[in-house]
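*Asks:* take a look and give me a structure for this.
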Amino acid sequence: MARFKTKHTEWLLSNMAITVSSLLSSNPKPLTSRPVGRPPIEYVNAGPRQKRKLASDLAVHQGHNTSLLVHAAAVSAEKSNEEDTALVLKNIYLTPSDHNKVRKNLFTQKTDSVRLTEDEAFFEFVLKIAYRLKLKKWQVRDENGKKEMAKQKNTIQKKMWNAMALHVDKPKQNGNGNTNDGNTARRAFAKPKLLAEILGLDENLIAYFNSILIAISCHLPIDPTQFKKYCQKTVTLYMSLYPWFPMSATVHKVLMHGYQIIEASILPLGVLGENASEARNKYYKSDRRLHARKSTRQKNMEDVFHRAMDSSDPLVSSIYLAKRLGQQNKLPLPADVIELLESPNFLYPCNMDNNNNAPVFDANNSDSDSDSENPFTIEIDVEDDF
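*Replies:* Numbers count the residues shown, from 1 in each chain. You can find the predicted model right below:
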């Protein structure tokens, strides 16, 4: 304190004049009260919780009148020049029947259309016929018809599981598609009699479908003329049994235009499939993990590509060709499919099984276990520089 007085003695002893005229003026300014609490927040800038509270307070204030609130929202959208929003709200307000359409558009998962394989398309085709077999209608729109079709579908699903251990028309666990894939279709068509009994369809029609599917996936050349006659016979049988259900696009393409595709193809249709490329996926994974550099992604992919080129070389792939063919467990071709081949007698110089009329190869003529001579030869020219 003594130090303060010593330092500021001059300031403390001096005289100061203070003017208070502004405080004693005749027209003092009115005192304004400051707002209490937090400043108000607009709805757009509010958080999710605050938005719910504001909307709830508004709904309570209007007595939970939904029509009034929707109409008010439409008017507000018009004034804000939000024409699309106003149009949607007006449609909901004026036509309550559109509520279901809006709900389906919002909550129905939209997935890209995936092309079905021929096996899957034919299997879906026969299933849809079986579901509507009692109604004999292509489009079922009444409630009683939908209930009857759902009941028939449930019955067929149980029979398919009990008799063939196949899940049919059920969504997958990952939510991507249903269980009607190619493996399910091939296993179902492999037993035409049992499948026809479960679905209640004609056994000959199911057998014809099975033969056609095997023929177009066969690696042997198919005779277009014989294939056309066989498909015409199938179409005639189908139209005589189920004329009320039109063919799907894929079934129509195979039955009516399949022979044209065979004529235009240089190679058999089965060779043009994706089975070989899909079978290579496991080798790509192994090569990338065990036989490729991992310093950069570019070098990794280069090594995988180079190894794929080496393994696909005809000479390298033919070394164990006989062994690989012997390990494959291929089912014999049905007699109907053999008749569709261009040269069935030349390609199958073997006896026929009396039980299923399928070709049975002679074990003595098979070279799967023999050390056959490599059909490829290599000639190496070495230049002598010495």
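*Asks:* show me the helices in the stretch 251-386 of the chain, by range?
*Replies:* In the stretch 251-386 of the chain, helices defined by DSSP state H, counting those that start in this stretch lie at 275-279, 281-290, 297-311, 314-317, 321-327, 335-339, 344-347, listed in chain order.
*Asks:* got CSV for the ones you listed, with mean neighbour count, mean pLDDT and distance to H64 too?
*Replies:* Glycine gets a C-beta too; all of them are placed from N, C-alpha and C. Listed next are these as CSV, based on neighbours: other C-beta atoms under 10 Å; pLDDT from 0 to 100; distance: least, C-beta to C-beta, whole Å:
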stretch, mean neighbour count, mean pLDDT, distance to H64
helix 275-279, 10, 77, 57
helix 281-290, 12, 90, 57
helix 297-311, 13, 92, 58
helix 314-317, 11, 82, 74
helix 321-327, 13, 75, 72
helix 335-339, 18, 89, 69
helix 344-347, 12, 57, 77
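*Asks:* out of those, nearest to F125?
*Replies:* The stretch from the helices of the stretch 251-386 of the chain with the least distance to F125 (C-beta to C-beta) is helix 335-339; that distance is 19.3 Å.
*Asks:* helices or strands up against the closest one?
*Replies:* helix 203-216 (3 or more C-beta pairs under 8 Å, 6 or more residues apart in numbering; DSSP states H and E).
*Asks:* before we move on, the earlier item: turn the helices of the stretch 251-386 of the chain into JSON lines, columns for distance to K193.
*Replies:* Below are the helices of the stretch 251-386 of the chain laid out as JSON lines (distance: least, C-beta to C-beta, whole Å):
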{"stretch": "helix 275-279", "distance to K193": "27"}
{"stretch": "helix 281-290", "distance to K193": "35"}
{"stretch": "helix 297-311", "distance to K193": "42"}
{"stretch": "helix 314-317", "distance to K193": "40"}
{"stretch": "helix 321-327", "distance to K193": "30"}
{"stretch": "helix 335-339", "distance to K193": "15"}
{"stretch": "helix 344-347", "distance to K193": "24"}
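*Asks:* these: which one's closest to K137?
*Replies:* Going by C-beta to C-beta, the one of the helices of the stretch 251-386 of the chain nearest K137 is helix 335-339, 31.9 Å.
*Asks:* so the residue lying closest to Y242 once chain neighbours are set aside is in which element?
*Replies:* Once flanking residues are discounted, Y242 sits nearest to I129: 5.7 Å by C-beta to C-beta, 6 or more residues apart in numbering. Per DSSP states H and E: I129 is located in helix 118-131.
*Asks:* who touches that helix?
*Replies:* If you take C-beta atoms under 8 Å, 6 or more residues apart in numbering as the criterion, helix 118-131 is touched by 116, 149, 152-153, 156, 168-169, 180-182, 184-186, 188-189, 195, 199-201, 206, 209, 213, 216-217, 242, 245, 247-248, 250-251, 254.
*Asks:* could I have the buried ones of those as ChimeraX selection syntax?
*Replies:* The buried residues among those can be selected in ChimeraX (16 or more other C-beta atoms under 10 Å) with this line:
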select :116,149,152,153,156,168,169,180,184,185,186,188,189,195,199,201,206,209,213,216,217,242,245,247,250,251,254
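*Asks:* which ones among the contacts of helix 118-131 are found in helices?
*Replies:* Counted as lying in helices by DSSP state H, out of the contacts of helix 118-131, are 149, 152-153, 156, 182, 184-186, 188-189, 195, 199, 206, 209, 213, 216, 250-251, 254.
*Asks:* for S14, see how far away K5 is.
*Replies:* 14 Å (C-beta to C-beta, to the nearest Å).
*Asks:* show me where pLDDT drops low in the stretch 151-300 of the chain?
*Replies:* Counting by pLDDT under 70, the ranges of the stretch 151-300 of the chain that qualify are 174-175.
*Asks:* mind redoing it with 50?
*Replies:* For the stretch 151-300 of the chain, applying pLDDT under 50 flags no range at all.
*Asks:* shouldn't T85 be in contact with A77?
*Replies:* Yes - contact criterion C-beta atoms under 8 Å: T85 and A77 qualify, at 4.3 Å.
*Asks:* more neighbours: the two, which one.
*Replies:* A77 (18 against 15; other C-beta atoms under 10 Å).
*Asks:* quick one: the residue nearest to V254 when sequence neighbours are not counted and I338, what's the gap?
*Replies:* Distances taken as C-beta to C-beta, 6+ apart place E118 nearest to V254, at 6.0 Å, with adjacent residues excluded. Separation of E118 from I338 (C-beta to C-beta): 20 Å.
*Asks:* the helices of the stretch 251-386 of the chain: which one's closest to L54?
*Replies:* That would be helix 297-311 among the helices of the stretch 251-386 of the chain, by C-beta to C-beta, at 50.5 Å.
*Asks:* what's the closest one packed up against?
*Replies:* helix 281-290.
*Asks:* buried stuff in the helix or strand E197 falls within?
*Replies:* Take DSSP H and E as the rule and E197 turns out to sit in helix 192-199. Across helix 192-199, burial judged by 16+ other C-beta under 10 Å covers 192, 194-196, 198-199.
*Asks:* can you give the contact residues for it?
*Replies:* By C-beta under 8 Å, 6+ apart, helix 192-199 touches 126-127, 129-130, 133, 156, 159-160, 163-164, 188-189, 201-203, 205-207, 210.
*Asks:* give me that answer again for 10 Å
*Replies:* Residues from elsewhere that reach helix 192-199 (C-beta atoms under 10 Å, 6 or more residues apart in numbering): 123, 126-127, 129-131, 133, 152, 155-156, 158-160, 162-164, 166, 168, 187-189, 191, 201-211, 334.
*Asks:* likewise stretch 68-82?
*Replies:* Stretch 68-82 is touched from outside by 55, 58-59, 62-63, 65, 83-94, with contacts defined as C-beta under 10 Å, 6+ apart.
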